[in-house]
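*Asks:* Okay, predicted coordinates and the sequence, questions at the end:
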Amino acid sequence: MQNQQLKQAVEALLFVAEQPLSEAQLLEYFSNESISRKQLKNILTELQKDYQERGVQLTRVASGYRFQTRAELGGIISRLWQEKPPRYSQAMLETLALIAYRQPITRGDIEDIRGVSVSSQIMKTLQERGWVKVVGHREVPGRPQLYATTAEFLDYFSLSDLSELPAIPEPAEKASNTGQTITAETATNESHAHE
Amino acid sequence: MQNQQLKQAVEALLFVAEQPLSEAQLLEYFSNESISRKQLKNILTELQKDYQERGVQLTRVASGYRFQTRAELGGIISRLWQEKPPRYSQAMLETLALIAYRQPITRGDIEDIRGVSVSSQIMKTLQERGWVKVVGHREVPGRPQLYATTAEFLDYFSLSDLSELPAIPEPAEKASNTGQTITAETATNESHAHE
Amino acid sequence: MSTAEQAPQQHSLPLGFVRGEPVIDKPEDLYIPPDALELILESFSGPMDLLLYLIRRQKMEIVDLPILPITKQYMEYVDMMKDLKLELAADYLVMAAMLAEIKSRMLLPRPPTDDDEEEDPRAELVRRLQEYEAIRQGAQHLDELPQTGRDNFIGHAQTDAQQWVEQQLPEVALADLALAFSQALAQAKLQNHHQVQREKLSTRERMSRILDLLQHQQRLRFADLFDPSEGRPGVVVSFLAILELVKEALVEVVQVDAFSEIHVMQREPIYAESTT
């Protein structure tokens, strides 16, 4: 297949797919055309450039590439929908921020830092939205669950990995915090998943 | 609003809307921006031109404008929905195997060996697939059709002739097989088979 | 499609309304209209938030935590909460206890010690406040990040490509075929006797081919069934196939006179054609 047509096909596919498509998915999709990773990367870079000044842009999020509208147009576009987008409460945002910035983290940790008990409703909502999941347990009495963010969380905020989160100050060294072990390889696996 | 931003907004809107958008709908949508019909038409024409050589194109359909994939890309994009090939039933495979290894063979012979009736659908499917055909009739009451495999069958399995069919794996169980009554035909076939 | 203009939501949202008047900001002093108290307290996401607010209002740094005035102010809020029997008071009371404890430790004369490392009683609270402030900042970052469905929307295009989806035919592996054959035979419980020999299969294939030829041509010259280019093995296979066909009563071999041409032909229907 000609490079020009391949580029058109990748472009069309990204507009048609229900989910973002990763490089690996695209490579597999075009396995008949034996496209190289380098060739694909070039095409994606070209497309990103082509759309730079357009109303939609080719954005790389955690789970792959997708076309999405320019952020500045949010106000105009959202008129399409009767319902206003949800605004999240301060409690929800702080909980989500703790999980995002300090993952993997237990509910107890969140309560310590926020100074209030974490409502089950908030944890439930975050998990139902697919933004947060349990990735393991901390090996202390009660084996509390460890929470981490998901690729969907990153997708929602148009981030391709956690390092793209705007920086916040690192927590100060805690004096009495030795001998805590985290088990569950998953905990580590997961936190690597969006890197 | 600047013309450039208006164009981006129209473009983004068309990509986001579930349905095609008519000129009237777009005009109403942008009533706050007091866009003129002429201005809108210009924007749509420009967009159509911008996308002429791209993987998606701005197309005017009966109910309005929408972005859709280039017609030539249908084949490639359709892979998105391409399902995995179904599987043949065990009855189908056994019937085909018996025709391959014991041809020419009648449906009755197959039924005798398998101990169950062979549905016409199976014979029809195998013939439609081009793997099996009728090569004659056995001159017994009812003149049953004799089935054999075709050249296409050999091609599909990359065989140059039937002798390349794999030897039969050892049967799993070697148990009681005394006092079996089998029809004359199969009996003959079978007794010849190990000569 | 909605044409309703959406007010910019980010700033100066009133905390709520008291007697029709919007309450925009948290109070600069401690005077709070009693009706507004609940609203104001709800605008704090917890005791840490309230504490941070009190420190900031003093224009102090967290590290210089002015424990005496802060504790005093904090207790006044908590007392109001208790009067109103607000449910959220519990978490605030825990903090109140902590502040009181720190305050008392600060007031106690410290025994002289060489140990410089003696920790400031405020240290733990300061650390927690700093971490809480960092997280508040993180929460604000999240709120400001572009959100899908609020700031950006997924672009889609229509396609008519579905019509191109081809019906896939099932795939069969040769091994599956062989397996199916042995399974079919196992069903017939004929396990003992089927070492199928390869030559046998070429014979059966040749049988099929001869029968197929007879479909189109009623009689075939015997000699035409042998292709010298196949060599001796080919000739043998053809010959065996014919013998087998004769044996299975599928063909007839006829010769009109001695030494005349031998023909292979379809068997004459001996029985009346049945309806099927």
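*Replies:* Arrived safely.
*Asks:* Going by C-alpha atoms from here, please, whenever you check contacts or count neighbours.
*Replies:* Will do.
*Asks:* does any part of stretch A:56-71 sit near chain C?
*Replies:* Yes. With CA under 8 Å from any CA of the partner chain as the measure, stretch A:56-71 is seen reaching chain C through A:Val56, A:Arg66, A:Phe67, A:Gln68, A:Thr69, A:Arg70, A:Ala71.
*Asks:* Burial check on the fifth one, number of neighbours?
*Replies:* Other residues within reach of A:Thr69 by the criterion other CA atoms under 10 Å in any protein chain shown amount to 28.
*Asks:* phi, psi of it?
*Replies:* phi -70, psi 150 (degrees, to the nearest 10).
*Asks:* What sits closest to it if chain neighbours are left out?
*Replies:* A:Val56 (4.0 Å; CA to CA, 6 or more residues apart in numbering or on different chains).
*Asks:* Identify the residues contacting the one you found.
*Replies:* A:Val56 is in contact with A:Phe67, A:Gln68, A:Thr69, A:Arg70, B:Gln8, B:Glu11, B:Ala12, B:Phe15, C:Gly155, counting by CA atoms under 8 Å, 6 or more residues apart in numbering or on different chains.
*Asks:* ditto for A:Gln2
*Replies:* Per CA under 8 Å, 6+ apart, neighbours of A:Gln2: none.
*Asks:* could you redo the last one with a cut-off of 10 Å?
*Replies:* A:Gln8, A:Glu33 (CA atoms under 10 Å, 6 or more residues apart in numbering or on different chains).
*Asks:* any idea how far chain B is from it?
*Replies:* Going from A:Gln2 to chain B by CA to the nearest CA, to the nearest Å gives 13 Å.
*Asks:* One more: C:Ser238?
*Replies:* 14 Å.
*Asks:* That residue contacts C:Thr203, correct?
*Replies:* Yes. Proximity of C:Ser238 to C:Thr203 meets the contact threshold set by CA atoms under 10 Å, at 6.9 Å.
*Asks:* which residues are in contact with both of these two?
*Replies:* C:Arg209, C:Glu244.
*Asks:* returning to that earlier point: C:Ile262: which of the residues of stretch A:56-71 next to chain C is nearest?
*Replies:* A:Arg66 (75.4 Å; CA to CA).
*Asks:* so what secondary structure elements neighbour the host helix or strand of that closest one?
*Replies:* If you go by DSSP states H and E, A:Arg66 is part of strand A:64-69. In terms of contacts (3 or more CA pairs under 10 Å, 6 or more residues apart in numbering or on different chains; DSSP states H and E), strand A:64-69 is packed against helix A:3-16, helix A:23-29, helix A:37-50, strand A:56-61, helix A:151-156, helix B:3-16.
*Asks:* Just put these in CSV and tack on distance to C:Asp257 and mean pLDDT.
*Replies:* Listed next are the helices and strands packed on strand A:64-69 as CSV, based on distance: least, CA to CA, whole Å; pLDDT from 0 to 100:
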stretch, distance to C:Asp257, mean pLDDT
helix A:3-16, 72, 94
helix A:23-29, 69, 94
helix A:37-50, 76, 96
strand A:56-61, 87, 96
helix A:151-156, 88, 96
helix B:3-16, 86, 93
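*Asks:* deepest of these, which one?
*Replies:* strand A:56-61 (a mean of 24; mean count of other CA atoms under 10 Å in any protein chain shown).
*Asks:* Name the strands paired with it and say parallel or antiparallel.
*Replies:* Strand pairing for strand A:56-61, using DSSP bridges, gives strand A:64-69 (antiparallel).
*Asks:* tell me the angle the partner strand makes with helix B:3-16.
*Replies:* Per axes from the mean of the first three to the mean of the last three CA atoms, to 10 degrees, the angle that strand A:64-69 makes with helix B:3-16 is 120 degrees.
*Asks:* Other residues contacting the very next helix or strand once past strand A:64-69?
*Replies:* As assigned by DSSP H and E, the chain's next helix or strand after strand A:64-69 is helix A:74-77. Residues from elsewhere that reach helix A:74-77 (CA under 10 Å, 6+ apart): A:69-71, B:6, B:9-10, B:12-14, B:16-17, B:29-30, C:3, C:5-8, C:146-153.
*Asks:* swap the cut-off to 8 Å and go again
*Replies:* B:Ala9, B:Ala12, B:Leu13, C:Gln6, C:Arg150, C:Asp151, C:Asn152, C:Phe153.
*Asks:* farthest pair in those residues?
*Replies:* B:Ala12 and C:Gln6 (18.4 Å).
*Asks:* what's the neighbour count on C:Lys72?
*Replies:* Neighbour tally, C:Lys72, other CA under 10 Å: 13.
*Asks:* Look up how far C:Lys103 lies from it.
*Replies:* Using CA to CA, to the nearest Å, C:Lys72 is found at 10 Å from C:Lys103.
*Asks:* How about C:Pro146?
*Replies:* Taken as CA to CA, the span from C:Pro146 to C:Lys103 is 43 Å.
*Asks:* Tell me how chain A divides into domains.
*Replies:* A:3-74, A:90-164 (automatic domain parsing).
*Asks:* what residue ranges in the chain score low on pLDDT?
*Replies:* You didn't pick a chain, so chain A it is. Within chain A, the stretches falling below the threshold (pLDDT under 70) are A:1, A:173-195.
*Asks:* Can you look at chain C instead?
*Replies:* C:1-38, C:85-88, C:110-118, C:187-200, C:268-276.
*Asks:* Would you map the helices across it?
*Replies:* Using DSSP state H, the helices found in chain C span residues C:37-43, C:47-57, C:67-84, C:89-107, C:123-144, C:174-187, C:198-216, C:231-247.
*Asks:* list the buried ones in the last one?
*Replies:* Buried residues in helix C:231-247, counting neighbours by 16 or more other CA atoms under 10 Å in any protein chain shown, are found at C:Gly234, C:Val235, C:Val237, C:Ser238, C:Phe239, C:Leu240, C:Ala241, C:Ile242, C:Leu243, C:Glu244, C:Leu245.
*Asks:* got the contact list for A:Leu146?
*Replies:* Contacts of A:Leu146 by CA under 8 Å, 6+ apart are A:Gln103, A:Pro104, A:Ile105, A:Thr106, A:Arg107, A:Val134, A:Val135, A:Gly136, A:His137, A:Arg138, A:Ala187.
*Asks:* Likewise for A:Tyr147?
*Replies:* A:Ile99, A:Gln103, A:Pro104, A:Ile105, A:Thr106, A:Arg107, A:Val132, A:Lys133, A:Val134, A:Val135, A:Gly136.
*Asks:* Give me the three-state assignment for the closest residue to it other than its chain neighbours.
*Replies:* Nearest non-adjacent residue to A:Tyr147, counting by CA to CA, 6+ apart: A:Val134, 4.6 Å away. At A:Val134 the chain is in strand, as set by DSSP: H, G, I helix; E, B strand; the rest coil.
*Asks:* Pull up the gap between A:Val134 and A:Gln103, please.
*Replies:* With CA to CA as the criterion, A:Val134 and A:Gln103 are 10 Å apart.
*Asks:* just C:Gly234 next, same as before
*Replies:* 75 Å.
*Asks:* Check A:Ala151 too.
*Replies:* Taking CA to CA, one finds A:Ala151 at 14 Å from A:Gln103.
*Asks:* And A:Tyr65, by the same measure?
*Replies:* 25 Å.
*Asks:* Am I right that A:Ile168 is in a helix?
*Replies:* No. Looking at A:Ile168 with three-state DSSP, it is coil, so not inside a helix.
*Asks:* Can you tell me the closest non-neighbouring residue to it?
*Replies:* Nearest to A:Ile168 is C:Ala134, by CA to CA, 6+ apart, at 5.7 Å.
*Asks:* ditto for A:Leu58
*Replies:* A:Phe67 (4.5 Å).
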